[in-house]
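[1] Could you work out the structure for the sequence below:
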Amino acid sequence: MGFGGRKFLTKLAVAIVGLGLAISCAAQSQGRFDLVGPKIDVRVSRGAQTLPIAAVPNLQPGDRIWLHPDFPPTQSVKYLLICVFLRGTTNPPPDTWFTRIETWDKHVRQEGVMVTVPEDAQQVVLFMAPETGGDFSTLKSAVQGRPGAFVRASQDLTEAGFEQARIEKYMASIRLVPPSDPMDLQKHSDLLARTLALKPNESCFKQPVDMQFTCLTQTGSQIVLDDGHGQTVINALSNGAGSDLINQASYTQAAGGGLYSAYVGAIVDMVRILSNLHTAQYQYIPAIAFPQEASMNLRLNTPPSFHNPKSVLIIALPSVQKAQAPPLRTADARHVACLLAPTVVLPIEGAPLVFSTAFGHDIVLHLNTPPGAPAEPDIRLLPDAYQGGLVLQLGAQHHVPLRDQRPLTEAEKAAATASVVPGAAPVPPQPKPIPPPIHLTGTIQGRWGFDSFTGPTVELQQLPGTGWALTTPPSDPLSPDAPRADDLIAGHAAELMLTSTGSACVHAVTAQPAGSTAEMALTFQLEPHLDQPNLLAVKLPSGRAMLPGDLHLEIQQYGQPRTDSVAARAFAEPAHIAGVQLYAGDRSITVAGARLEQVEKVRVGDLIFAPVPVDPGATAAPLSGTLRLTLPDNAPRPPTHASDHLMARIQLRDGRELSSPIVVAAPRPSVTLLSKTAEAGPEPTIKLGNPDDLPLSSMLTFTLKSTTAFPRNGQVEVETTDGTLRTVLTLAPAGGLLLQDPHTVVASLDPLRSFGPSAFGALRVREVFPVAPGSSPSEKPTAAEAGHPEAAPSLASAGTGEAVSPASDWQQLVTLVRLPALGQLQCAIDVTQPCTLSGTNLFLVSAISTDPALANPVSVPDGYTANTLTVPHPASSGTLFLRLRDDPTAVDSALLPLALPSPPPPRGRSAAHAAVQHAGTGTEHPN
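    Alright, predicted model coming up:
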């Protein structure tokens with residue numbers, strides 16, 4: 001073995017162990033194939049057709065091979081070119097299968113030599129050796145003595161050439177990408193890897209941007225994946241001298257489950273095989289061919305030696321076998337190509353040799369027009385690994401003319417040239433041409449060497465799509481939460497589904513949100529479905545740019561100068577429904593969740609529930625909590641029963657509809673207010689005109705009667721109508737409740753103690769039993785319950801699986817009023833003069849008058865803090881009529897002591913006598 005071969009083998013073995021079968025083993029050694037070899041031109045003729053060697057993947061018996069050594073005129077070494085046909089590892093070739101070609105011969109230099117592939121031949125090998133005595137016989141003896149070694153060398157050289165061509169195609173193409181664009185670098189690297197069946201070094205994309213390009217373009221940064229087609233082309237043997245080494249390398253840890261580069265195995269085997277063949281006169285070195293047109297474009301890994309042992313170059317020509325058509329397949333079976341686009345790429349993969357060699361040529365796309373439609377010319381296709389597939393050459397100059405139609409018969413020619421006979425029957429009108437369809441298919445056809453092949457059929461679109469509209473994709477069992485047209489929420493990322501007669505020609509989608517004059521570009525992708533093949537998914541970004549309101553989408557298509565418009569609507573954040581509570585036989589329903597102000601109505605079967613109107617003094621519908629809805633007043637009690645399974649349809653104010661399942665609960669308790677009594681205190685100054693008004697400082701006793709027995713853990717809740725103040729009465733000691741019998745409970749309430757001095761307004765009462773475990777008796781109700789007189793129980797635990805305490809409807813109890821402390825009424829004797837009223841907390845009075853109708857009242861200013869107030873002169877009884885701020889609908893009366901001044905003394909009496917008499921009466925003069 002020569003020094004170069006041994007050194008190459010040693011370093012190659014080390015590289016395999018250290019780098020996991022990457023091609024870098026060849027790059028890091030001194031024996032990589034980067035030396036330019038001698039030039040040889042080769043053409044192959046079959047029948048009347050001749051192809052350059054770059055377009056010939058295989059040979060067949062009878063093919064004529066034209067060999068032409070293209071040496072420079074200054075070539076000093078005389079090379080002997082020997083063409084040998086092999087027929088397997090165990091069958092040495094006959095002498096007639098060896099052709100001696102003297103490259104220095106003038107005729108050979110000018111005309112070349114033609115050799116014919118014999119029958120039963122399987123491989124063709126070229127030897128180039130310096131001319132010496134006995135050279136031809138020595139080489140012939142070596143081949144006939146060990147034909148299997150040269151068969152394997154031929155196969156390994158072919159395989160190594162295929163895979164190195166894929167690597168060089170990758171590196172040459174990736175250099176077209178601007179190194180400063182990492183996104184474009186990643187994109188085209190993925191396309192090249194897919195079409196060339198390579199696995200680039202992923203660690204390159206983790207490096208800084210300025211180093212990614214350098215990393216990817218280094219020889220050895222790619223792992224060549226076995227595509228199977230190249231193996232078939234060279235008819236590789238499953239067993240051979242290097243099979244053990246290849247198998248061992250394919251299972252190394254770094255290779256990842258048997259992915260290995262046959263290029264490595266081929267070179268290792270070839271070096272070992274050829275090193276065993278060297279003699280004292282010759283050593284054999286491999287030459288890999290990288291054909292370009294007719295030139296073999298040889299490369300060597302070892303400099304040739306012209307001293308003993310002289311170097312013999314071994315060159316492999318294509319195998320002699322049947323053509324193996326490239327197994328092309330579409331990279332995306334759902335892809336539809338738009339023929340109107342300026343650049344159309346068919347994503348094709350499965351046969352890397354189509355993209356790295358010139359074996360495939362005259363590749364066209366045959367348009368399969370429907371019956372009756374005019375035939376379309378074939379469109380040429382150009383394999384382009386950089387673009388990731390076959391690129392259509394759309395110019396008219398690239399169209400392949402239609403094949404000649406059937407020649408006309410003599411009768412047809414005569415009919416075509418005959419003149420029209422006067423009076424003859426008119427020629428029937430020709431049928432109207434069929435309009436071209438929007439969609440059609442195209443079949444990839446071409447030549448693989450001398451043979452034709454038919455590739456996959458692809459979907460095409462040749463007209464712009466029409467009838468654009470929003471749609472909802474069919475339900476998918478694997479994706480039940482498919483996007484819907486009403487899923488567009490302002491400020492949230494969303495995906496709209498559009499449909500038309502064709503969506504493949506869309507090249508831009510823009511949107512103009514509500515309240516904005518600027519358009520924003522949107523990303524989109526085709527998402528064809530079995531039932532809806534023209535779906536287009538448009539992605540809307542999140543952010544404040546999207547406001548609730550109308551959204552106008554503009555769709556731009558190739559071949560369509562005007563844009564197509566689609567109107568959508570962005571909604572506000574929808575109400576969140578945590579649960580719906582319905583009791584058997586109830587006329588009301590309670591919805592728990594968030595943003596319930598959007599709820600317009602709830603449908604349960606034929607029942608329609610509307611929100612309870614909010615009291616003017618109560619807060620508006622809540623952003624979260626519960627919302628109570630009731631049936632119309634004239635609607636009968638619904639025939640719902642406990643444990644019924646129903647579905648509630650929640651209609652929102654913007655037209656959207658939500659749904660929530662319901663399990664009807666047991667009936668709620670029913671309570672009647674039997675009586676109520678206010679504690680009688682000292683004779684009050686103010687007599688309340690409304691019997692339902694209760695002074696804040698008075699004790700209240702009331703009786704409730706329920707249809708079912710009142711449980712020991714039952715509660716009586718009393719609260720203000722707005723829900724801001726609340727107290728709970730229980731049967732516990734000092735809890736405020738006392739049972740008369742199982743159905744009747746007497747309650748005692750101290751409003752001042754329970755609610756404080758600022759409590760006023762209407763109070764309501766209800767029974768709650770039994771209390772749910774874990775719930776707090778003092779839990780404050782939501783504003784939704786406070787906004788109506790008969791709120792249902794809180795659904796704070798809705799959706800959590802916890803029990804909810806059933807409660808009766810709210811009932812009006814009393815109206816709390818705060819009373820001012822009125823003092824003396826100081827008046828003049830003249831009834832036309834006003835009086836002065838003294839007292840405290842006079843701001844609790846809104847108006848005072850001397851007549852019950854309050855025809856001419858004196859209004860008390862807001863926030864009045866003085867202790868006296870000027871009022872009209874009352875009648876002799878000292879009765880005033882007033883309206884309290886805590887109950888402005890009632891007119892109350894106040895009987896006050898009237899203080900009048902003494903009459904003036906009689907004439908003629910002394911002043912001292914008058915003073916003594918005045919002192920005896922106990923009154924003081926106002927002076």
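[2] Am I right that Ser754 falls within a helix?
    Yes. The assignment for Ser754 by DSSP: H, G, I helix; E, B strand; the rest coil puts it in a helix.
[3] Name the nearest residue to it, ignoring sequence neighbours.
    Spatial nearest neighbour of Ser754, excluding adjacent residues (C-beta to C-beta, 6 or more residues apart in numbering): Thr727 at 4.2 Å. Using the backbone N, CA and C atoms, a C-beta is placed for each residue, glycine as well.
[4] Could you look up the SS state of that neighbour?
    strand.
[5] what does Leu658 give?
    strand.
[6] which stretches of the stretch 701-850 of the chain form strands?
    With DSSP state E, counting those that start in this stretch, the ranges of strands along the stretch 701-850 of the chain come out as 715-720, 726-729, 737-741, 744-749, 761-768, 811-817, 821-826, 835-840, 845-849.
[7] any chance of those strands in JSON lines, with distance to Gln393, mean pLDDT and mean neighbour count too?
    Below are the strands of the stretch 701-850 of the chain laid out as JSON lines (distance: least, C-beta to C-beta, whole Å; pLDDT from 0 to 100; neighbours: other C-beta atoms under 10 Å):
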{"stretch": "strand 715-720", "distance to Gln393": "82", "mean pLDDT": "94", "mean neighbour count": "22"}
{"stretch": "strand 726-729", "distance to Gln393": "82", "mean pLDDT": "94", "mean neighbour count": "19"}
{"stretch": "strand 737-741", "distance to Gln393": "94", "mean pLDDT": "94", "mean neighbour count": "13"}
{"stretch": "strand 744-749", "distance to Gln393": "94", "mean pLDDT": "96", "mean neighbour count": "19"}
{"stretch": "strand 761-768", "distance to Gln393": "82", "mean pLDDT": "93", "mean neighbour count": "22"}
{"stretch": "strand 811-817", "distance to Gln393": "86", "mean pLDDT": "94", "mean neighbour count": "20"}
{"stretch": "strand 821-826", "distance to Gln393": "104", "mean pLDDT": "88", "mean neighbour count": "18"}
{"stretch": "strand 835-840", "distance to Gln393": "102", "mean pLDDT": "91", "mean neighbour count": "19"}
{"stretch": "strand 845-849", "distance to Gln393": "92", "mean pLDDT": "93", "mean neighbour count": "20"}
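[8] Quick one: closest of those to Leu704.
    Counting by C-beta to C-beta, Leu704 lies closest to strand 744-749 out of the strands of the stretch 701-850 of the chain; the figure is 5.3 Å.
[9] hmm, who's touching the closest one?
    Applying C-beta atoms under 8 Å, 6 or more residues apart in numbering, the external contacts of strand 744-749 come out as 674, 699-706, 710, 714, 716, 718, 727, 729, 731, 736-740, 765.
[10] strand partners of that strand, parallel vs antiparallel please.
    With DSSP bridges as the test, strand 744-749 is paired with strand 700-706 (antiparallel), strand 737-741 (antiparallel).
[11] Export these as CSV, with columns for distance to Pro383.
    Shown next, in CSV, are those (distance: least, C-beta to C-beta, whole Å):
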stretch, distance to Pro383
strand 700-706, 88
strand 737-741, 91
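[12] Off-centre distance for the helix or strand encompassing Val143?
    Here Val143 sits within helix 135-145, counting by DSSP states H and E. Helix 135-145 sits 68 Å away from the centroid of its parent chain (C-alpha atoms, centre = their mean, to the nearest Å).
[13] and the next element down the chain from that helix?
    Next helix or strand after helix 135-145 toward the C-terminus (DSSP H and E): helix 147-174.
[14] Report the angle between that following helix and helix 135-145.
    Angle of helix 147-174 versus helix 135-145, following axes from the mean of the first three to the mean of the last three C-alpha atoms, to 10 degrees, is 100 degrees.
[15] For helix 147-174, which residues meet the burial criterion?
    Within helix 147-174, the residues that count as buried by 16 or more other C-beta atoms under 10 Å are 147-167, 169-170, 173-174.
[16] same question, stretch 447-462
    By neighbour count with 16+ other C-beta under 10 Å, stretch 447-462 contains the buried residues 447-450, 453, 455, 458-462.
[17] Would you mind listing the two of those that lie farthest apart?
    Among the buried residues of stretch 447-462, Phe450 and Gln461 lie farthest apart (C-beta to C-beta), at 34.5 Å.
[18] about what we covered before: does the residue nearest to Ser754 touch Thr720 like I think?
    No. The pair Thr727 and Thr720 does not pass the contact test of C-beta atoms under 8 Å, sitting 10.0 Å apart.
[19] ok, and the closest non-adjacent residue to Ile315?
    Nearest residue to Ile315 in three dimensions, chain neighbours excluded: Leu126, at 4.0 Å (C-beta to C-beta, 6+ apart).
[20] Quick one: residues contacting that neighbour.
    Leu126 makes contacts with 40, 67, 81-84, 313-317, as judged by C-beta under 8 Å, 6+ apart.
[21] hmm, 10 Å instead?
    If a contact means C-beta atoms under 10 Å, 6 or more residues apart in numbering, then Leu126 has 40, 42, 65, 67, 69, 81-84, 99, 101, 154, 287, 289, 296, 298, 313-317 as its contacts.
[22] Bridging across strands, which residues link to His68?
    Beta bridges link His68 to Asp41, judged by DSSP bridges.
[23] Give me the number of neighbouring residues for it.
    Neighbourhood size, His68 [other C-beta atoms under 10 Å]: 22.
[24] And the pLDDT for it?
    Listed pLDDT for His68 reads 95.
[25] Check Ser902 too.
    pLDDT, Ser902: 65.
[26] can you pull the contacts of the closest residue to Ile650 other than its chain neighbours?
    Counting by C-beta to C-beta, 6+ apart, Ile650 lies nearest to Leu658, which is 4.3 Å off, once chain neighbours are set aside. The contact partners of Leu658, by C-beta under 10 Å, 6+ apart, come to 574-577, 591, 593, 598-599, 602, 648-652.
[27] will you turn the strands of the stretch 701-850 of the chain into a markdown table that also has distance to Gly442?
    Formatted as a markdown table, the strands of the stretch 701-850 of the chain follow (distance: least, C-beta to C-beta, whole Å):
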| stretch | distance to Gly442 |
| --- | --- |
| strand 715-720 | 76 |
| strand 726-729 | 76 |
| strand 737-741 | 87 |
| strand 744-749 | 86 |
| strand 761-768 | 75 |
| strand 811-817 | 79 |
| strand 821-826 | 100 |
| strand 835-840 | 99 |
| strand 845-849 | 88 |
